[in-house]
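Participant: fold the following, please.
(one chain, ligands or ions: 1)
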Amino acid sequence: MNFTNKNVVITGGSAGIGLATAKTFIEKGANVLITGRNTDTLQTASVSINSPKLKTLSSDTSKLTDITLLAETVAANGNKVDVLVLNAGIAKQYLIEDTTEEVFDDLYNINVKGLFFTLQKLIPHLSEGASIVLISSGVSVSGYAQMGAYAATKSAVDAIARTAATELADRKIRVNVVAPGLTDTPMNQQTPADIKNAIAAAVPLKRIGQAEEIANAVVFLSSNEASYISGSYLAVDGGVTIRR
Ligand SMILES: NC(=O)c1ccc[n+]([C@@H]2O[C@H](COP(=O)([O-])OP(=O)(O)OC[C@H]3O[C@@H](n4cnc5c(N)ncnc54)[C@H](OP(=O)(O)O)[C@@H]3O)[C@@H](O)[C@H]2O)c1
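Facilitator: Numbering: from 1, shown residues only. So this is what the prediction gives:
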């Protein structure tokens, strides 16, 4: 898979799955723009990738003004976007009965509203034949406790992807979903080891995922090798959704 001179935008590319995805695209020759809120984290990402092919932009996907800034930055570069990875997201775990309006709004503003309007504002800047990958989660099609609001945001992501795949097909733009299972990233730093081990034990492959394994799926779906794949939902979860 070769992405030489291809232009890639990854929201939430400063850590975890987004950062691993940025590294993989750069190794394959792409120019990559990553976003995130925290400028220190962006700087650390930049140092770790250490490539002139990487650009960073401080942009909060829950703010429409920041999304507009992202679109303006892309336009100012003068190149169309060949790959858009809508990855920025947060997770919060509460029983439905304990979920506050603030938690609900945080999840929806970032995972759904931010993703939707980033897609909207970048559509005019996509090249013909571009690839869009939306990062959902295995919880969008399962029923784990304490995932009510988060899982609902990811089901919304799946729905947005299906509509976008239909609406953008005339421009030969492919739209796919990658749905990770539990993956070892900063998002799960606070999860106690015994809980991670219990989750891993329930995975047919008996371990949790690595960010690079999710990145590989995103890169494949964005490549010419996936030229006839659009509207798909690819679970990257060690087989855990077999049991749903
Ligand atoms: N890790 C898992 O087990 C897992 C499983 C299934 C699905 N996912 C999904 O995979 C995606 C990436 O997760 P991850 O595990 O890599 O998370 P992570 O390690 O917490 O990294 C999240 C990235 O998104 C950025 N981000 C968060 N909120 C943002 C906002 N409002 N605007 C712009 N950037 C923002 C973060 O930077 P800042 O904080 O500096 O903004 C960071 O770069 C998410 O959509 C998540 O729901 C993860």
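Participant: pull the longest strand from this structure.
Facilitator: strand 126-135 (DSSP state E).
Participant: adjacent strands (with direction) for that one?
Facilitator: strand 81-86 (parallel), strand 174-180 (parallel) (DSSP bridges).
Participant: just so I know, which of those strands lies nearest Gln93?
Facilitator: Evaluated with CB to CB, these place strand 174-180 nearest to Gln93, the distance being 15.8 Å. (C-beta placed from N, C-alpha, C; glycine too.)
Participant: contacting residues for the residue nearest the centre of the chain?
Facilitator: Nearest to the geometric centre of the chain sits Asn87, at 1.9 Å (CA atoms, centre = their mean). Applying CB atoms under 8 Å, 6 or more residues apart in numbering, we find Asn87 in contact with 10-13, 17-18, 21, 135.
Participant: for the helix or strand of the chain with the lowest mean pLDDT, list the C-alpha coordinates in CSV.
Facilitator: Here the helix or strand of the chain ranked lowest by mean pLDDT, DSSP states H and E is helix 193-201, holding a mean of 92. Only the C-alpha atoms of helix 193-201 are listed here, as CSV (Å, rounded to 0.1, in the frame of the first residue of the first chain):
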residue,chain,number,x,y,z
ALA,A,193,-5.4,-4.2,35.0
ASP,A,194,-7.8,-6.8,36.5
ILE,A,195,-10.7,-5.4,34.5
LYS,A,196,-8.6,-5.3,31.3
ASN,A,197,-7.6,-8.9,31.9
ALA,A,198,-11.2,-9.9,32.4
ILE,A,199,-12.2,-8.2,29.2
ALA,A,200,-9.3,-9.9,27.4
ALA,A,201,-10.3,-13.3,28.7
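Participant: just the residues contacting that helix, thanks.
Facilitator: Helix 193-201 is contacted by residues 182, 188, 206-208 when judged by CB under 8 Å, 6+ apart.
Participant: rerun at 6 Å
Facilitator: Helix 193-201 is contacted from outside by 182, 207-208, using CB atoms under 6 Å, 6 or more residues apart in numbering.
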